[in-house]
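Asks: can you look at this prediction? I've put the sequence above it.
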Amino acid sequence: AADAAAHDSRERARAALERARRRTAALTDCLDEGELTAQHSKLMSPLAWDLAHIGNQEDIWLVRAAGGSDGVRPDLDTVYDAFQTPRADRPGLPMLSPEAAREYIARVRDRALEVLGSPAPDGADPALFEGDFVFGMVAQHEQQHDETMLATHQLRRGPAVLDAPDPPAPTSRATDERHGEVHVPAGPFTMGTSDEPWALDNERPAHTVDVAAFDLDEVPVTNGAFMRFIEDGGYRDERWWHPDGWAYVRKAELGAPLFWRRDGGSWTRRRFGYVERVPPNEPVMHVCWYEADAFARWSGRRLPTEAEWEKAARHDPETGESRRFPWGDGEPDEGRANLGQRHLRPAPAGAYHAGAAPCGARQLIGDVWEWTASEFTGYPGFTAFPYREYSEVFFDSGYKVLRGGSFGTDEVACRGTFRNWDLPVRRQIFAGFRTARSSGGAD
Ligand code: AVJ
Ligand code: FE
């Protein structure tokens, strides 16, 4: 039985690696060499850099660390080390051509699959192999870059090259005008995890957090609600803004979410090469933390803390345990959450009845990343693994935590404990938010 479970875990890792590679290919095969080596935004790498970086990380972690060999191309480590060259400077690097990058990542993958099919070599760190962690980590890494590449697609100009069916319609009666809120009573819950095999270091260890009673938006804040903030002069009213946010809004002359345009009396936006009317009932996205924070203050509320978000998403009041996902411990599927670039937009607010949490909140997983009030830091008992540069170097340096994943997040890189982070000025990611308020009293 132990052998069968070990076999299943390896097959799951193989499937995750192969799914990631199909997506990487789909995001890059549709563009010519010029588009792959161009820098579509100073915030992003050329897609050809992401492509070879994906293979380089796999070379480092699967071929070398897990496989115990010298690797396919250790000479490429410098060019593809994210820390040695900031994104804006990457076009000047001696990068592999897209063709050479494709050939490199395919060679690495062949070697990685040999490692996956063999027992751990002597000398390799056994912790890398626990629950096949290292394979899950590399699959998550590739999927995270795939989401970043999807954001680059959104930033690029030119004709549309991606397509996908629309997400499901809402199943609740909420409209863009007014959504309800759900109540989460006071009490402790288990935050983070010590037993999810592919959880990354920053999600560990499990620990108890006492959370005061609060109310949370049932669904993410919609475009329609955000339009009312704009129409009410929200961007021009210092009262709603964090001081740093106010300075940023004025300097960057922000007046609407990224990609929005005023067109006569209505708003349009550019979305993956098409222009459309902004749909009022869809979760707002491409707002930075400062905009989310200001909207919340304008509406008399605040952003939820990270602990509040996770308690709403995971705490089961009947058992007192934390679930892996809002709906339970079962894997995500297309009826529960909008993940995996299955659609190229968030579903309307009120969709995914089957994905609701015990508290009643919807769409916590998928659709849009949700900004929280919290700064990114390590949990009590945090240990960097397997490398400090994944999480630890970003702790306590002004990064805000985002939760829940977006339509562009693969399920391998999304769960109730998964933590994402970014600077409070960032708008190109698929991020929105929901708001909360303390509800006072013991309950
Ligand atoms: C966790 C999404 C912030 O893309 O910067 C990719 C993930 N780390 N390669 C990022 C990551 C190293 C990371 N985020
Ligand atoms: Fe990376």
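Replies: Structure's in. What do you need? Numbering: from 1, shown residues only. Ligands and ions are numbered 1, 2, ... in the order given.
Asks: Ala112: which element?
Replies: helix 98-116 (DSSP states H and E).
Asks: quick one: the closest residue to Ser406 other than its chain neighbours from ligand 1, how far?
Replies: Take Ser406 and drop its neighbours on the chain: the residue closest to it by Cβ to Cβ, 6 or more residues apart in numbering is Phe430, 3.6 Å away. From N, CA and C alone the C-beta is placed, and that goes for glycine too. Per Cβ to the nearest ligand atom, to the nearest Å, Phe430 is found 11 Å from ligand 1.
Asks: for Phe430, give its distance to Pro332.
Replies: Applying Cβ to Cβ, to the nearest Å, one obtains 16 Å for the distance of Phe430 from Pro332.
Asks: same check on Ala4?
Replies: Distance of Ala4 to Pro332, computed by Cβ to Cβ: 24 Å.
Asks: kindly report the same for Ala48.
Replies: Ala48 sits at a distance of 31 Å from Pro332 (criterion: Cβ to Cβ).
Asks: quick one: buried residues of stretch 157-168?
Replies: Applying a neighbour-count criterion of 16 or more other Cβ atoms under 10 Å, one finds Pro167 buried in stretch 157-168.
Asks: mind listing what the residue in the chain positioned nearest to ligand 1 touches?
Replies: Scanning the chain for proximity to ligand 1 using Cβ to the nearest ligand atom identifies Gln144 as nearest, at 4.3 Å. Gln144 makes contacts with Ala413, as judged by Cβ atoms under 8 Å, 6 or more residues apart in numbering.
Asks: just checking, Glu181 touches Asp217?
Replies: Yes. Because the distance of 5.6 Å satisfies Cβ atoms under 8 Å, Glu181 is recorded as touching Asp217.
Asks: of those two, which one has the most company?
Replies: Asp217 (26 against 19; other Cβ atoms under 10 Å).
Asks: residue contacts, that one?
Replies: Listed by Cβ under 8 Å, 6+ apart, the contact set of Asp217 reads 179, 181-182, 361, 434-436.
Asks: over to Gly360?
Replies: With contact set as Cβ under 8 Å, 6+ apart, Gly360 has these partners: 182, 218.
Asks: swap the cut-off to 10 Å and go again
Replies: When contacts are counted by Cβ atoms under 10 Å, 6 or more residues apart in numbering, Gly360 is found next to 172, 180-184, 216, 218, 312, 326.
Asks: Leu344 too?
Replies: With contacts taken as Cβ under 10 Å, 6+ apart, Leu344 has the following neighbours: 150, 153-154, 160, 162-167, 271-272, 274, 407-408.
Asks: let's go with 8 Å and repeat that
Replies: By Cβ under 8 Å, 6+ apart, Leu344 lies in contact with 162-164, 271-272, 407.
Asks: farthest-separated two in those?
Replies: Asp163 and Phe407 (13.8 Å; Cβ to Cβ).
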